[in-house]
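>>> Here's a sequence, model it:
(one chain, ligands or ions: 2)
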Amino acid sequence: MSKYDFTAIEKKWQKYWEEHHTFAAGTDYSKPKFYALVEFPYPSGQGLHIGHPRPYTAMDIVSRKRRLEGYNVLFPMGWDAFGLPTENYAIKNKIHPAIVTKNNIAHFKAQLQSLGLSFDWDREINTTDPEYFKWTQWIFLQMFKKGLAYKKEMSVNWCTSCKVVLANEEVVGGVCERCGGEVIHKVKSQWMLKITEYAQRLLDDLAEVNYLDKIKATQINWIGRSTGAEVDFTTTTGETLTVYTTRPDTLFGATYMVISPEHPYIEKWADKLSNMEEIRAYQEKAARKSDFERTEMAKDKTGVELKGIRAINPVNGREIPIFISDYVLMTYGTGAIMAVPAHDTRDYDFAKVFHLPIIEVVAGGDIEKEAFTDCATGKMVNSGFLDGLSVEEAKVKIKEWLKENGKGHEKVNYKLRDWVFSRQRYWGEPIPIVYCEKCGYVPLPESELPLTLPEVDSYMPTDNGESPLSTLDSFINTTCPHCGGPAKRETDTMPQWAGSSWYYLRYCDPKNKECLASKEALDYWMPVDWYNGGMEHTTLHLLYSRFWHKFLYDIGAVSQKEPYMRRTSHGMILGEDGQKMSKSRGNVINPDEVVAQYGADTLRLYEMFIGDFEKTAPWSPSSIRGCKRFLDRVWALQDMLTDGEEYRPETRALMHKTIKKVSEDIENLKFNTAIASMMALINEIYALGSINRAELRTLLLLLNPFAPHMTEEMYEVQNLGGVLNEQKWPTFDPALCVDEMVELVVQINGKVRSKLQVPVDSAQADVLEKAKAEPKIQDALQGKQIVKEIYVQNKLVNFVAK
Ligand code: ANZ
Ligand code: ZN
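Ligands and ions are numbered 1, 2, ... in the order given. All right, here's what the predicted structure looks like:
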């Protein structure tokens, strides 16, 4: 047999697939469908990263298997191409972002194609294409018409280095998710999307989808539903100051109040407060901090008392002081809290600094030392009519009392905030709204979509943080679609998350000019059956797109409540040193070089073999050589090929077991063990010294999703019947996969007490566990201690017990 010339083989089959449109999704809607989705990349100037092929290969494997199983498969790819890095590159190199994008896409596409991924390139989409973003703008207009897009003056996260507003989700650990720059607060008028209106549905409908537990948990946590009460305190000025608390049971322990430095009452009270200057100075300091800094548990507590006004605790009539402190945020609850230092850690720390009384109202802790926050165990004390109750009982009773006395009511709150949707940048979808002095914000007529980006000379954001579009009179000045008077266009653009919030719908019908996709195509292809993507998108793209989808469902544009039936996630590939790959660490592996040296099939196999798919894995040169060697051994099987159209008796059970293992492991994301079982099969065949045609055919089919080029080539060269990708996925006989069983005796101190059926050659740990679970053995061991365990494989277990 000739040598395994992977370069020639891979070129040949990539060309074949492209010319034959082998992986184009079919339009026969009577066939069962399977929609596999991976997150479309941002075509950055760096090109494909070695981490990209991991999730893409995984879903490619699933897609290839599904096609062989007879499904009509949609496995599409496109470009999420608006965004800052392109714009920044354009600014630096004085090239139009559209040209940068085009070049980057061409490079990315060639790289993806060199990996033999079975994408349906006929459906390629690009979020910066006006034919695409016409529909992004259309969806925005529908949201505007339903009151879900609105403009608001607000304090926003501002990245000092990108000079751009960030959504809460884009601020990670207090810094910009993208560049790591410092994030401060700035008051700006922003377009907002009311994702909060969907908070409960985004939570509830998680029950209907199959997402990894950790993905569900992260979304639940981010939406942050909590139940508590709003309680009205009266102030000595006669106003009502409402707080939100999850612990209304602790009301008797409220010894002071804290309102956020941004609370509107401060201005209202300005002439009644004797220390306004001190208060103003504190407000300014707080405005410069991020929410993250402000709410950090460990930080030293600061604040200023509002001198001249006090609040009255509704439950006992006591007057208590009011403070401002930055640990209370204006954006959560009511922006005001009742502080219960005995049972809340931040309140405790604050009370210590300001020498405020600490009254224990739940017994069981040691409040001399720290706040007692555990509410499951203690009983109420110092709490009048609540004394003696458990915390849960007290919560019920106090809520009744608040209601009867008109002092408050039960309340549900969410941590989720509305989505800050405008960006003061050039390279994004223009927001299709004009502002008219007479009519206010007016939507563009749908017939004027797409609203495209005008040519500008400079893409630089202006010094005052306005969009580059704001300097362009010819773009700004227009007429009001409503009254025909002079009006100004919105100059902000949409965030990068806009285009990706609905892209999976466009793939169903990417060239449609009438609507975002035809109902027929959507009803057939949607929902996405399996979507794999990064954990880092759980509270960004994944949540945003679920929100848009629910909105589209509400206006009748789609027929399902949820876009994705299954969501899984992959671990990152790290450098050889176990660190994240980065230019500065010098540990970056370039996929092009790996493909040139070992071939795409080896790279694919390796990225699937490298470890548990869901965990991070360091790059390993020796392991990639091992994968290449395995493929060399598969190639060399052609030298030991014999006739025979059925499995031989000596390989029969193993063939069936391997089919079962590979089939099931792929479904469970256990690609590494699927590969290991094929390696074991090859070892067995080498030990036998030959392989027949039936065995080789099955092996090539099983290996095809992992190493598609080589397997197609061998299938053709050995004339195993047609082209491989038109064959059927092999099936197994469950009866042949059952391990042979053997009967063991179980003894205690040498006396037979029970018998046990176990698979031949079972491991010690499994057998001992089963033996101990036997009722007869459990009875006989009552009150005794096992001092020794003996296992003789396929014969006996003996427990020495005293
Ligand atoms: C009194 C109390 C006593 C509280 C106690 C806790 C423990 P979650 O669970 O996150 O919803 N809080 C309310 N609004 C706040 C704001 N705008 N900024 C900072 N903290 C705020 O937390 C709700 C609890 O966080 C509320 O319950 C309130 O403190 C505080 F033993 O009220 B609690
Ligand atoms: Zn008007």
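
>>> helix, strand or coil for the residue lying closest to N316 once chain neighbours are set aside?
Excluding the flanking residues, the one nearest N316 by C-beta to C-beta, 6 or more residues apart in numbering is F252, at 6.3 Å. The way it works is simple: take the backbone N, C-alpha and C, and place the C-beta from them, glycine included. Using DSSP: H, G, I helix; E, B strand; the rest coil, the structure places F252 in helix.

>>> Looking at F252 now. What's its pLDDT?
F252 is assigned a predicted lDDT (pLDDT) of 98.

>>> cool, and Q424?
For Q424, the model assigns a pLDDT of 86.

>>> Look at it and say how many residues are nearby.
Using other C-beta atoms under 10 Å, Q424 is surrounded by 23 other residues.

>>> Could you do Q142 as well?
Using other C-beta under 10 Å: Q142 sits among 17 other residues.

>>> Any figure for the gap between it and ligand 1?
Distance of Q142 to ligand 1, given as C-beta to the nearest ligand atom, to the nearest Å: 32 Å.

>>> ok, now how distant is H52 from ligand 2?
48 Å (C-beta to the ion, to the nearest Å).

>>> tell me which strands and helices the worst-scoring helix or strand of the chain on mean pLDDT is in contact with?
Across the helices and strands of the chain, mean confidence by mean pLDDT, DSSP states H and E is lowest for helix 291-295: a mean of 76. Using 3 or more C-beta pairs under 8 Å, 6 or more residues apart in numbering; DSSP states H and E as the contact test, no helix or strand touches helix 291-295.

>>> Contacts for that helix, please.
Residues from elsewhere that reach helix 291-295 (C-beta atoms under 8 Å, 6 or more residues apart in numbering): 168, 171, 173-174, 286, 299, 326-327, 329, 331.

>>> Return the closest of these with respect to Y459.
Using C-beta to C-beta, V171 is the member of the contacts of helix 291-295 that lies nearest Y459, at 23.8 Å.

>>> hang on, the closest one packs against E177?
Yes - between V171 and E177 there is a contact under C-beta atoms under 8 Å: 6.6 Å.

>>> For ligand 1, what's its nearest residue on the stretch 401-550 of the chain.
Of all residues in the stretch 401-550 of the chain, N413 sits closest to ligand 1, at 5.6 Å by C-beta to the nearest ligand atom.

>>> still on that earlier bit, is the least confident helix or strand of the chain anywhere near ligand 1?
No - judged by C-beta under 6 Å from any ligand atom, helix 291-295 and ligand 1 are separated, with a smallest distance of 6.6 Å.

>>> Tell me the helix or strand right after that helix.
Once the chain leaves helix 291-295, the next helix or strand it forms, by DSSP states H and E, is strand 304-312.

>>> Now that next one: buried residues?
304-306, 309-311 (16 or more other C-beta atoms under 10 Å).

>>> now do stretch 520-540
521-522, 524-535, 537-540.

>>> okay, the buried residues of strand 304-312 in TSV with pLDDT and distance to ligand 2 next?
Formatted as TSV, these follow (pLDDT from 0 to 100; distance: C-beta to the ion, whole Å):
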residue	pLDDT	distance to ligand 2
V304	97	46
E305	97	49
L306	97	44
I309	97	45
R310	97	49
A311	98	46
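
>>> Pick out whichever of the residues you listed sits closest to E19.
So of the buried residues of strand 304-312, ranked by how close each gets to E19 (C-beta to C-beta), first place is V304, at 73.9 Å.

>>> about what we covered before: hang on, isn't the residue of the stretch 401-550 of the chain closest to ligand 1 packed against R225?
Yes - N413 is within contact range of R225, at 7.4 Å (criterion: C-beta under 8 Å).

>>> about what we covered before: tell me which residues touch the residue nearest to N316, please.
Here F252 is in contact with 313, 315-316, 359, 361, 382-384, 386 (criterion: C-beta under 8 Å, 6+ apart).

>>> Now with 7 Å, please.
315-316, 361, 382-384, 386 (C-beta atoms under 7 Å, 6 or more residues apart in numbering).

>>> Check the gap between it and P321 for me.
17 Å (C-beta to C-beta, to the nearest Å).

>>> do the same with W419
Taken as C-beta to C-beta, the span from W419 to P321 is 37 Å.

>>> Ok, E726 next?
80 Å.

>>> How about E490?
Where P321 is concerned, E490 sits at a distance of 46 Å (C-beta to C-beta).

>>> Between those two, which is the more surrounded one?
Between E490 and P321, counting by other C-beta under 10 Å, E490 is the more crowded of the two (21 against 17).

>>> The more buried one against E429, yeah?
No - with contacts counted by C-beta atoms under 7 Å, E490 stays clear of E429, the gap being 11.1 Å.

>>> anything in contact with each of those two?
Counting by C-beta under 7 Å, 6+ apart, nothing touches both E490 and E429.

>>> what's the closest non-adjacent residue to the residue of the stretch 51-200 of the chain found nearest ligand 2?
Nearest residue of the stretch 51-200 of the chain to ligand 2: F144, at 15.4 Å (C-beta to the ion). Among residues not flanking F144 along the chain, P443 sits closest, at 5.4 Å (C-beta to C-beta, 6+ apart).
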